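> Pasting the sequence and the predicted model now:
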Amino acid sequence: GNSVTQMEGPVTLSEEAFLTINCTYTATGYPSLFWYVQYPGEGLQLLLKATKADDKGSNKGFEATYRKETTSFHLEKGSVQVSDSAVYFCARTTGTASKLTFGTGTRLQVTL
Amino acid sequence: GAVVSQHPSRVICKSGTSVKIECRSLDFQATTMFWYRQFPKKSLMLMATSNEGSKATYEQGVEKDKFLINHASLTLSTLTVTSAHPEDSSFYICSARYGTGTDTQYFGPGTRLTVL
């Protein structure tokens, strides 16, 4: 089936540290891939997306590259800030209705 | 752009009553809207997909008679939780997609439902 697997959290980093959150997906069809971020008490915000292999999505210093050969879409940021503390969800489209299948989310906590 | 609102942001109701949650796309026309449920510290579970002017498509295991979805216009979808019970307490999130040429969904801020 269609699924998304994310690394278990929480991830705790010091400010300015390098961030990687792993995400892999099942290789069925030609999905679009997304990263969404959810701040406490809020809904999800689209962070970045990639629609085909080798595409790189980027936004606010975050990047992720669509790797078909490893079925991965890892999220990276070179220098995290306290304000980046949130839950990050990896997602893929599923089916012709472009429904989204989400990973379980990874909580990031950035400290001073 | 691409702002989605939900109302109310939180609601507390008694067991057995019905609750309506509204989802609006504020600056675009949403041909498709989605309703999700999120359990504490868990991922989002898709409940149903609704297209303007047609019946919603429910995911397996979601009771269509309990979770009534109406998508009467291109900017408004409503979710009514009928005869709510404590186990229906959850965070309900809607999303909207505009056009058929994109697969990006824009999410509302969510509604926290607590059933006493």
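Received it, and whenever you're ready, just let me know what you need.
> who touches the residue most central in space within chain B in this structure?
In chain B, the centroid-proximal residue (CA atoms, centre = their mean) is residue B:35; its distance is 3.5 Å. Counting by CB atoms under 8 Å, 6 or more residues apart in numbering or on different chains, residue B:35 touches B:23, B:46-48, B:50, B:67, B:69, B:77, B:79, B:92-94. Heads up, the C-betas are built off the backbone N, CA and C, glycines and all.
> tell me, which of these make contact with chain A?
Contacts with chain A within these, counted by CB under 8 Å from any CB of the partner chain: B:46, B:93.
> Closest to residue A:11 out of the contacts of residue B:35?
Closest approach to residue A:11 among the contacts of residue B:35 (CB to CB): residue B:93, at 23.0 Å.
> okay, that closest one: pLDDT?
At residue B:93, the pLDDT value in this model is 94.
> now for the helix or strand where it lies, which elements pack on it?
Assigned by DSSP states H and E, residue B:93 belongs to strand B:90-97. When contacts are defined as 3 or more CB pairs under 8 Å, 6 or more residues apart in numbering or on different chains; DSSP states H and E, strand B:90-97 sits against strand B:4-7, strand B:19-25, strand B:32-38, strand B:76-81, strand B:106-107, strand B:111-115.
> Name whatever forms a beta bridge with the residue nearest to the centre of chain B.
Beta-bridge partners for residue B:35, by DSSP bridges, are residue B:48, residue B:94.
> ok, now residue A:33?
residue A:50, residue A:92.
> That one and residue A:52 touch, don't they?
No - look at residue A:33 against residue A:52 with CB atoms under 8 Å: they stay out of range, at 9.4 Å.
> Need the residues touching each of those two.
What both residue A:33 and residue A:52 touch, as defined by CB under 8 Å, 6+ apart, is the set residue A:66.
> Checking the closest residue to residue A:11 other than its chain neighbours next. Helix, strand or coil?
Among residues not flanking residue A:11 along the chain, residue A:108 sits closest, at 5.0 Å (CB to CB, 6 or more residues apart in numbering or on different chains). Assigned with DSSP: H, G, I helix; E, B strand; the rest coil, residue A:108 falls in the strand class.
> gap between residue A:108 and residue A:80?
Going from residue A:108 to residue A:80 by CB to CB, to the nearest Å gives 7 Å.
> Pull up the overlap in contacts between the two.
The contact sets of residue A:108 and residue A:80 overlap at A:13, A:19 (CB under 8 Å, 6+ apart).
> Which residues are in contact with the residue nearest to residue A:104 when sequence neighbours are not counted?
Excluding its sequence neighbours, the residue lying closest to residue A:104 (CB to CB, 6+ apart) is residue B:43, at 4.7 Å. Neighbour list for residue B:43: A:89, A:102-105 [criterion: CB under 8 Å, 6+ apart].
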